[in-house]
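Colleague: A predicted structure for the sequence below; I have some questions about it.
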Amino acid sequence: MAPPQLERSRKSRAWAIIIVTNIVSITCMFLVLSGAGLSHIWGEVQRMKWGWVAAAVALDMCVYLLHGLRWKTMLVPVARVRYLQAVEAIYVGLFANETIPLRAGELIRCFLLSKTTDIPLSVTFASAVIERIFDGIWLMTFFFCTLHMGRLPGVLVKGGYVLGVLIVISSCLLGYAMYAKKQSMDLFFGMSWPRWLNTLIEDLHLIGHSRYLYYAFFISGIYLTAQTLPIYAIVQANKLDVPW
């Protein structure tokens with residue numbers, strides 16, 4: 001047990017961080033909202049259709065329930081993760097993303113799941129990378145569909161093509177790690193692998209040869225499509241004339 005003086009020092013530092021963080025947050029909020037016309041914003045809030053707002057909240061929660069289902073499904077070949085464990089880790093990560101920069105919640109949710117299950121941390125990280133690749137494939141599919149529906153700004157079109165190239169490269173590397181045997185990787189790279197990397201390759205091999213990988217890919221399409229629903233509900237709540 002830590003000495004009382006050390007314990008008081010830790011509590012003082014923790015409180016100092018909380019106070020400084022809140023002062024910075026309040027200052028930034030004041031700077032952002034100054035001149036924003038709060039009375040006008042409050043008038044718009046009063047005109048909102050709160051039934052649609054409630055629908056948006058419920059739909060947004062359902063989106064991340066789908067995220068939990070996708071993660072659980074993908075990890076079935078490695079370990080049986082309880083659905084609530086996956087959802088809990090995802091919501092902890094979402095909270096962290098709102099409070100910590102650089103989307104650190106993605107790392108935190110992987111760390112949390114590895115601590116509450118028998119899945120190695122490297123495998124949870126790899127599963128999150130697979131999710132991003134699945135999202136990228138579906139996003140590119142939707143992106144090229146929208147190109148035929150209307151004219152997009154040039155910077156978005158160029159960015160879309162860059163994203164497409166990165167997705168193809170990442171998919172090829174991940175596909176090789178999933179489907180190539182360990183012996184062929186040793187031969188190709190001519191080096192021995194650390195133990196944790198051997199475990200990662202073996203688990204990726206299990207995921208890549210399981211039908212659950214394809215189920216997770218299908219759920220990814222539903223998950224991304226469902227993200228449009230809370231946005232549509234908020235548009236309706238604000239009585240905006242925006243087509244579907």
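Modeller: In hand now; what should we look at?
Colleague: Quick one: find the helix or strand in the protein with the lowest mean pLDDT.
Modeller: helix 182-189 (a mean of 55; mean pLDDT, DSSP states H and E).
Colleague: for the next helix or strand after that one, packing partners?
Modeller: Tracing the chain C-terminally past helix 182-189 and defining elements by DSSP states H and E, one meets helix 195-208 next. Other elements packing on helix 195-208 under the criterion 3 or more Cβ pairs under 8 Å, 6 or more residues apart in numbering; DSSP states H and E are helix 121-147, helix 154-179, helix 182-189. (Each C-beta comes from the backbone N, C-alpha and C, glycine too.)
Colleague: what residues are up against Gln85?
Modeller: 113, 116-117 (Cβ atoms under 8 Å, 6 or more residues apart in numbering).
Colleague: Please tell me how far it sits from Gly159.
Modeller: For Gln85, the distance to Gly159 equals 35 Å [Cβ to Cβ, to the nearest Å].
Colleague: likewise Glu131?
Modeller: For Glu131 relative to Gly159 (Cβ to Cβ), the value is 21 Å.
Colleague: Settle it for me: which of the two has more neighbours?
Modeller: Glu131 (19 against 13; other Cβ atoms under 10 Å).
Colleague: Thought Thr73 was touching that one, still the case?
Modeller: No - judged on Cβ atoms under 8 Å, Glu131 makes no contact with Thr73 at a distance of 10.9 Å.
Colleague: buried ones in stretch 163-177?
Modeller: Residues of stretch 163-177 classed as buried by neighbour count (16 or more other Cβ atoms under 10 Å): 164, 167, 174, 177.
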